[in-house]
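Visitor: Quick one: sequence plus predicted model below, questions after.
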Amino acid sequence: MLIVMPDGSRRMMEAEGSRIEDILNSLGINPVEVIVAINGRIVSEEETAGESDELKIVRFVHGG
Amino acid sequence: MLSDAERTRYSRQILLFGEEGQKRLKKTVVFLAGAGGLGSAMAFYLAAAGFGRIRIVDCDQVDLSNLNRQILHGVSDLNRDKALSAHDALMGLNSEIEVDALVETMTEENIDRLVQGCDIIMDGMDSFAARYMLNRAALKSRIPLFHGAISGYNGQATTVVPARTACLRCIFPRAPPTSVFPALGSTCGVIGSIAVTEAVKYVTGTGRLLENRLVLWDGKNACLDELACERNPLCPDCSSLYPSDPSDKRSDG
């Protein structure tokens, strides 16, 4: 699947059927600091991603 | 009724939504949480647009390091209560409206009292702990919440309409670690402006709201992105108050 990292860089990863949380952990990203969208839709980290999905990882902000 | 002065003052936006829309803005009581960077941008545009009453809450005092972004305050306001400084700045811009300045810390104990009587809530806070409190108060009182947040060149915004859209907790289930965040006044301006545009649209019934959509602003690359979101049927904040739409097959049990 195609993964769009928080810095906007893109990488391909073989992770068919992997849970989002596991994918984040394997990328060294703390799940608490990001939201993840599959094909443009925000999903929970319990969901799984398919091989043809685009997974976008966004570091959301908290300041004001 | 609008006075002649109000008709003149708001004439260019009355072209957008008519005198009826302007009267609706005038009748609207806004709860503005925070008079910091985001709160400053929101406050000025809310006041300029003619929202009739703005209740602005902030417990802090103005510091020199605030002035790069918190445009409600100036050098002569250093060490003053931000809420009071905000009151004076907004009155200077538009004396047709009313501004209630509250120098208070929002807590679980007082939040329901603070938002009582308000029609909309603007999120100008700087932590998710405070935002979750606002979110719960909005849900409980069934008041829309216009969310914004910033860090450096980045920002995000969405519109929460209780029972109709994902709430803040549906979108952000857990608070990120607190940290000192970089802040740029113009990013506050972008996000604060989006949030006020949403509020104007909601009150006047114009346009398409940021419902179930999270807008992401990346100022460093000058990119605006959008992600879809939806209600979480197991959301700890909204699911018990507003069970999911019965037409949603997943909630049929």
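Guide: Perfect, thanks for sending it.
Visitor: Would you mind confirming that residue B:172 is in contact with residue A:61?
Guide: No: the criterion here is CB atoms under 8 Å, and residue B:172 misses it with residue A:61 at 10.5 Å. No exception for glycine: its C-beta is placed from N, CA and C like everyone else's.
Visitor: So which of the two has more stuff around it?
Guide: residue B:172 (25 against 22; other CB atoms under 10 Å in any protein chain shown).
Visitor: In stretch B:72-84, which residues are buried?
Guide: Neighbour-count burial for stretch B:72-84, counted by 16 or more other CB atoms under 10 Å in any protein chain shown, picks out B:72-73, B:77, B:80-84.
Visitor: Also stretch B:227-240?
Guide: Within stretch B:227-240, the residues that count as buried by 16+ other CB under 10 Å are B:227, B:229, B:231-232, B:235, B:237-239.
Visitor: is it true that residue B:44 lies in a strand?
Guide: No: applying DSSP: H, G, I helix; E, B strand; the rest coil, one finds residue B:44 to be helix, outside a strand.
Visitor: Contacts only, for the spatially closest residue to it that is not a sequence neighbour.
Guide: Distance criterion CB to CB, 6 or more residues apart in numbering or on different chains; nearest residue to residue B:44, sequence neighbours excluded, is residue B:93 at 6.5 Å. For residue B:93, the contacting residues are B:44, B:47-48, by CB atoms under 8 Å, 6 or more residues apart in numbering or on different chains.
Visitor: Same check on residue B:34?
Guide: Counting by CB under 8 Å, 6+ apart, the residues that residue B:34 touches are A:64, B:57-58, B:123-126.
Visitor: In strands only, show me the residues you listed.
Guide: Among the contacts of residue B:34, the members falling in strands (DSSP state E) are B:57, B:123.
Visitor: Could you point out which of the contacts of residue B:34 is nearest to residue B:150?
Guide: Using CB to CB, residue A:64 comes nearest to residue B:150 of the contacts of residue B:34, at 6.5 Å.
Visitor: show me where the chain has helices.
Guide: I'll assume chain A. With DSSP state H as the criterion, chain A has helices at A:20-26.
Visitor: looking at chain B here, not the other one
Guide: Along chain B, counting by DSSP H, helices occupy B:4-9, B:11-27, B:37-49, B:82-93, B:111-115, B:128-141, B:168-171, B:185-204.
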